[in-house]
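Chemist: got a structure for you, letters missing:
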């Protein structure tokens, strides 16, 4: 437990006092709190910290089959399964919570292969050649794959860590990691868990984990055991690394796994589109914040002419009038239309830039997310007249994007949803058209509807 705690302290960039000693309970608890309070500690490291704390307290970790409690039960001849069964019986009769305070855990690694991770501030890019030279001296290793990676989540710029996956000449049974201490750094050890026919596949996956060009990979070396030459790379290995954001989209598709390639390509394209949209929305939000400084207050007469339209939504009606803001270029009609939610408490607008579109596109409209609909820059009154019921915001369910097959059609319910449109003076528009005159609330903007921005 003390050794694991020192490794976590090194990962988060803390000093590790007592590199070869055990801490008493007071010192151990103090160091745990320091790691827990460190802003550099990641959620994964906090989870590992709780496991270390439980280990020190004497609570057995069910998934730690390679760890045994010294003196908890006598060593018996027979299989590991029989020993575990005896241990479970002992737990029922003598819970660890009531164990004698003299009981202590000892580390034990029993495996035919394992992944070792070295994480220390002492590691530098120049350590790679020394690391490979040291690996070549490990006579108990049959084959290995090693990598150096950038610790890009670390608060320390330029920090690196090392992995190497090793297959042993014969299964090891270690109670210490002294055989694999490199440069005074004790690694974290993760043994291969698979048994039977799946052991070979699990070992190959361990080799590939170190061989793959993950995000942050700096160096890779292997003892003549390469993927696609000496073993087959499985698609789920790539899926796991990509889902954990350890593989870039490009590397994920470049890996030569032909089965399921079309599905993976579609997934990557969908994720790239989603990520690109997210980046655009972030840039848009940042631009809107900077543009707020350029906006002046809206003129009272323009707001007063919109107020009677906004008040109609305070009570249910069979139909509602839609608002048309009509004015020349730079009159501020679009800016005013996008601000109506803040002015009258309508919520966030769903915006479609119409121009020459023939029909409304409301596939992305969600009543839970948006408070009103803005059809911006309508070039022709036919856009409104061809879908009159929709603009009345009545209680009907409207079917949009209809075709002969109907495979792309969808339904929207716009009851009591405020609908706003902006129309330029150069657009094809006749406010005297009988249906428009009866169903719209038109506000004409003779000039800018806003005041000049205040001087900073």
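Modeler: Arrived safely. Everything quoted here is computed from the prediction, not taken from an experiment.

Chemist: Pass me the low-pLDDT residue ranges in the protein, would you?
Modeler: Low-confidence segments of the chain (pLDDT under 70): 16-22, 56-105, 256, 293-294, 404, 454-456.

Chemist: Start from the N-terminal end of this protein and give the helices.
Modeler: Secondary structure of the chain (DSSP state H): helices at 2-11, 25-37, 43-57, 80-93, 127-135, 199-211, 235-243, 249-254, 261-292, 300-311, 333-344, 382-385, 388-391, 434-439.

Chemist: can you list those in a markdown table and add distance to residue 447 and mean neighbour count?
Modeler: C-beta here means a position set from N, CA and C on the backbone, and glycine is covered the same way. Listed next are those as a markdown table, based on distance: least, C-beta to C-beta, whole Å; neighbours: other C-beta atoms under 10 Å:
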| stretch | distance to residue 447 | mean neighbour count |
| --- | --- | --- |
| helix 2-11 | 63 | 20 |
| helix 25-37 | 60 | 14 |
| helix 43-57 | 56 | 15 |
| helix 80-93 | 83 | 12 |
| helix 127-135 | 69 | 15 |
| helix 199-211 | 67 | 19 |
| helix 235-243 | 56 | 16 |
| helix 249-254 | 50 | 15 |
| helix 261-292 | 21 | 11 |
| helix 300-311 | 10 | 15 |
| helix 333-344 | 11 | 19 |
| helix 382-385 | 25 | 18 |
| helix 388-391 | 27 | 17 |
| helix 434-439 | 23 | 12 |
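
Chemist: how about the ones you listed in TSV, adding distance to residue 219?
Modeler: As requested, the helices of the chain are exported to TSV (distance: least, C-beta to C-beta, whole Å):
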stretch	distance to residue 219
helix 2-11	20
helix 25-37	29
helix 43-57	24
helix 80-93	37
helix 127-135	5
helix 199-211	11
helix 235-243	18
helix 249-254	16
helix 261-292	26
helix 300-311	64
helix 333-344	52
helix 382-385	60
helix 388-391	61
helix 434-439	70
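
Chemist: out of these, nearest to residue 155?
Modeler: Nearest of the helices of the chain to residue 155, taken as C-beta to C-beta: helix 2-11 at 10.6 Å.

Chemist: so how far is residue 327 from the nearest residue to residue 443 once chain neighbours are set aside?
Modeler: Once flanking residues are discounted, residue 443 sits nearest to residue 305: 4.6 Å by C-beta to C-beta, 6 or more residues apart in numbering. Going from residue 305 to residue 327 by C-beta to C-beta, to the nearest Å gives 12 Å.

Chemist: just residue 157 next, same as before
Modeler: Residue 157 is 54 Å from residue 327, by C-beta to C-beta.

Chemist: cool, residue 182 as well?
Modeler: Taken as C-beta to C-beta, the span from residue 182 to residue 327 is 73 Å.

Chemist: more neighbours, these two?
Modeler: residue 327 (22 against 19; other C-beta atoms under 10 Å).

Chemist: residues contacting residue 142?
Modeler: Residues counted as contacts of residue 142 (C-beta atoms under 8 Å, 6 or more residues apart in numbering) are 166, 167, 168, 169.

Chemist: Make a ChimeraX selection of whichever of the residues you listed turn out to be buried.
Modeler: ChimeraX command restricting the contacts of residue 142 to the buried ones, with burial defined by 16 or more other C-beta atoms under 10 Å:
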select :166,167
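
Chemist: Pick the one among the contacts of residue 142 closest to residue 187.
Modeler: For these, the nearest to residue 187 is residue 166 (10.5 Å; C-beta to C-beta).

Chemist: Who is that closest one paired with across the strands?
Modeler: Counting by DSSP bridges, residue 166 forms beta bridges with residue 114, residue 144.

Chemist: which residues touch it?
Modeler: By C-beta under 8 Å, 6+ apart, the neighbours of residue 166 are 113, 114, 116, 138, 141, 142, 143, 144.

Chemist: do residue 329 as well
Modeler: Counting by C-beta under 8 Å, 6+ apart, residue 329 has contacts residue 424.
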